[in-house]
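J.: What would the 3D arrangement of this be:
(chains A and B)
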Number of protein chains: 2
Amino acid sequence: MTFKITKKSGKARTGILKTKTGNYETPFFMPVATKGAPKYIEASEIKELKGYAMISNAFLLYLKPGLEVIKKNKGIQKFMNWDGCSFTDSGGFQVLSLNKFKDKFSDDGLIFKSPYDGSLHKLNPKTVMKIEEEIGSDVAMCIDQMPLYEHSKDEVKIATQRTAKWAKECLKFHTDKKQLLFGICQGGTFHDLRRESAEFFSKLNFDGYGIGGLAVGEPKEKMMEMVKLTTKILPENKPRYLMGVGSPKEIIECVELGVDIFDSVWPTRIARHGKVMTKNKSYNITKTEFRFDLTPLEKNCKCKVCKNYTKSYIHHLYRVKEPLAMKLLSYHNLYFIQNLMKEIRTAIKNGKFQELKKKYKNI
Amino acid sequence: MTFKITKKSGKARTGILKTKTGNYETPFFMPVATKGAPKYIEASEIKELKGYAMISNAFLLYLKPGLEVIKKNKGIQKFMNWDGCSFTDSGGFQVLSLNKFKDKFSDDGLIFKSPYDGSLHKLNPKTVMKIEEEIGSDVAMCIDQMPLYEHSKDEVKIATQRTAKWAKECLKFHTDKKQLLFGICQGGTFHDLRRESAEFFSKLNFDGYGIGGLAVGEPKEKMMEMVKLTTKILPENKPRYLMGVGSPKEIIECVELGVDIFDSVWPTRIARHGKVMTKNKSYNITKTEFRFDLTPLEKNCKCKVCKNYTKSYIHHLYRVKEPLAMKLLSYHNLYFIQNLMKEIRTAIKNGKFQELKKKYKNI
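T.: Purely as a prediction, here's the structure:
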């Protein structure tokens, strides 16, 4: 058994995800270490702020440093000196965002253009499974074709069916029994396609399920509808991972629908734009009003940045473009989100999830 | 008494510099926090690697965040959350490197063009002393005019005489008795001008002496000649601070001539170009030969970067432009130099300075 639900509060639940490196309590949030490191932050600092899982991109690691390097380092965890849980996404999302050419997807697989040298790489379920096994993550994600919100229903249908076909092949080609394998449901924002995809995946024996293709520009209500629909169908006793989400508000609302795992570049990306996450909406540290402000980024926050520095100082560092500003803001935002996850877990265990929702209502 | 020599080994000496914030053992090296932070590194990390002094730039801090902000934060140390020793340089060097217009220096002071908005600021001994007092550093440096190596003897003479004139005015205008004030000898690479400058400054009652205008492109032998000449003349019982130096080799050789204090952007700047400092010459981590290298940046180094990461990992991070690469390399290089300073102090105290020189002969 790789997943065990330990407590429920409505549809929200806490659980234990068991992987080859340890037991990790859900719901959890994964900082993104796309190329093998979170931006500006050390793995030891992720631990410091009580994070215990990170996600990297298999395609990009396959290109650089290359699989031989990761194998020589005895896998991604040792390479990064990270003793927590490690997920790898196949990288379909990067194909979408980095590759502008047509015909990049076909039933045979996908063509991926290296962002480093423009070289073309053909990837299919067989090669992707091999790549993720060699990277050695705790959890491999299937290769998928992720449609965007602007795509037509016909396009979404093709992508969803192709993702389904590939999923079956991934199951066949995935041989490392110590590594977990998660399927990824698609279906865009079309109820029937989402339902079909979730039903299809539910019948396959994956260790867990990604909910993919959301948070790609659709209205929030659409996203929530799709999460609701999908979580209703997916097997109760398997972990659900909402990919690329997100903001604290979305996380709380999706935990309420029974989602267990999240990842997003959101906290660190907005940090690099000067945004500070707090219990009462985020704000921008670059604003002139903070020039003389001797309070920490967030009142009562226990992170090392809030314990050590004033808004005034971080405002200054950001304004004069000191790289340390990026680090301090990223650290605080990641602490904020990890602390939120901890509060979510505690609230579920104590049957106080609605109180938590109220506490964070202004977020 | 603000400086006490505790041990001598030839001309090399250990001592205690007493400032308003504490007693600091010399010889020491100051990481550069030009705008209030070392690049990529937190003040707490400077402590972690046993650094206990940093230097900032008074002109740049005066422009941003501005004196009112620093005063509101109760001085530069509290602003940076730095409980070590803090020096401020007046910033003549930045005037030289950032300002390309002629007539920027006159006997009345200097005209400084803001790198932020191009606005012009007139600074003279009176304003500079006020700025440094308000910033509240432990040690203020006098305003100086620093000539470059390519300048003619006449130009260097004018700059040296002007620096001397300003120094007397600084003594007059400096009123904060808790803040130490260091004069800065100039004289370029001309024996007679250097001698005159050192003799002039020796007669003034400064708390210590900067040796300025070196490491600006002159051959190393010239620099060493000038340091030798200057340290012979400067009062024995006052601290000597060789500004902008430097490399480990130069530091060792200048300690041998009786220099007590150093600062340089060298360790962090070369780090950002991928260079790793070690006991056996520096090397570049970007080289392909390190792709599979599972050893730390430096064998037997006790810094947290060498304890936690392989060359292979840092090579990869640098190659894919992860900002964490800059941080890890900067941290190691600063550790290297702080550790060197510690070994230098121990060697002097144990009468083993020559052994230390031999140990580092390949540097």
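
J.: distance between the ends of stretch A:197-211?
T.: Its first and final residues considered, stretch A:197-211 spans 10 Å by CA to CA, to the nearest Å.

J.: in the stretch 1-150 of chain A, what residue is nearest chain B?
T.: residue A:65 (4.1 Å; CB to the nearest CB). For the C-beta atoms, the positions are set from N, CA and C on the backbone; glycine is no exception.

J.: Now do the contacts for that residue.
T.: Counting by CB atoms under 8 Å, 6 or more residues apart in numbering or on different chains, residue A:65 touches A:36, A:79, B:291, B:312, B:315, B:316, B:319.

J.: Could I get the phi/psi values of it?
T.: phi -80, psi -10 (degrees, to the nearest 10).

J.: so where's chain A uncertain?
T.: A:95-103 (pLDDT under 70).

J.: Find the residue at the geometric middle of it.
T.: Chain A has residue A:263 as the residue nearest its centroid, 1.8 Å off, counting by CA atoms, centre = their mean.

J.: So in terms of bridging, what pairs with that residue?
T.: Beta-bridge partners recorded for residue A:263 (DSSP bridges): residue A:30.

J.: surely it meets residue A:51?
T.: No - the criterion here is CB atoms under 8 Å, and residue A:263 misses it with residue A:51 at 11.0 Å.

J.: Identify the contacts common to those two.
T.: Common contacts of residue A:263 and residue A:51, defined by CB under 8 Å, 6+ apart, comprise A:29, A:30, A:31.

J.: for the closest residue to the last one other than its chain neighbours, what are its contacts?
T.: Computed as CB to CB, 6 or more residues apart in numbering or on different chains, the closest residue to residue A:31 that is not its neighbour in sequence is residue A:38, at 4.8 Å. Residue A:38 makes contacts with A:31, A:32, A:46, A:54, A:268, A:330, A:334, B:324, as judged by CB under 8 Å, 6+ apart.

J.: Just say helix, strand or coil for residue A:38.
T.: With DSSP: H, G, I helix; E, B strand; the rest coil as the basis, residue A:38 sits in coil.

J.: again, but for residue A:181
T.: strand.

J.: helix, strand or coil for residue A:7?
T.: strand.

J.: Hmm, it is touching residue A:25, no?
T.: No - between residue A:7 and residue A:25 there is no contact under CB under 8 Å: 10.3 Å.

J.: Check the stretch 201-350 of chain A for the residue nearest chain B and tell me.
T.: For the stretch 201-350 of chain A, CB to the nearest CB, closest residue to chain B: residue A:316, 4.1 Å.

J.: that older thread, out of the contacts of residue A:38, which sit inside helices?
T.: Counted as lying in helices by DSSP state H, out of these, are A:46, A:268, A:330, A:334, B:324.

J.: Pull up the residues of the stretch 51-200 of chain A that are close to chain B.
T.: A:60, A:64, A:65, A:66, A:68, A:69, A:72, A:73, A:79, A:80, A:81, A:116 (CB under 8 Å from any CB of the partner chain).

J.: As JSON lines, the shared contacts of residue A:263 and residue A:51 with neighbour count would be great.
T.: Below are the shared contacts of residue A:263 and residue A:51 laid out as JSON lines (neighbours: other CB atoms under 10 Å in any protein chain shown):
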{"residue": "A:29", "neighbour count": "24"}
{"residue": "A:30", "neighbour count": "24"}
{"residue": "A:31", "neighbour count": "26"}
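
J.: wait, which of the residues you listed is closest to residue B:352?
T.: residue A:31 (47.4 Å; CB to CB).

J.: list the contacts for that closest one?
T.: Per CB under 8 Å, 6+ apart, neighbours of residue A:31: A:38, A:41, A:46, A:51, A:54, A:55, A:263, A:267, A:268, A:334.

J.: if we go to 6 Å?
T.: Each residue near residue A:31 by CB atoms under 6 Å, 6 or more residues apart in numbering or on different chains is listed here: A:38, A:46, A:51, A:54, A:334.

J.: what about the helices in the stretch 51-200 of chain A?
T.: Along the stretch 51-200 of chain A, counting by DSSP state H, counting those that start in this stretch, helices occupy A:58-61, A:67-72, A:76-80, A:92-98, A:125-135, A:153-173, A:191-202.

J.: Comparing the ones you listed, which comes out most buried?
T.: Comparing the helices of the stretch 51-200 of chain A by mean neighbour count (mean count of other CB atoms under 10 Å in any protein chain shown), helix A:58-61 ranks first with a mean of 26.

J.: tell me what that one is packed against?
T.: helix A:125-135 (3 or more CB pairs under 6 Å, 6 or more residues apart in numbering or on different chains; DSSP states H and E).

J.: and the helix it packs on, how far from the chain's centre?
T.: 19 Å (CA atoms, centre = their mean, to the nearest Å).
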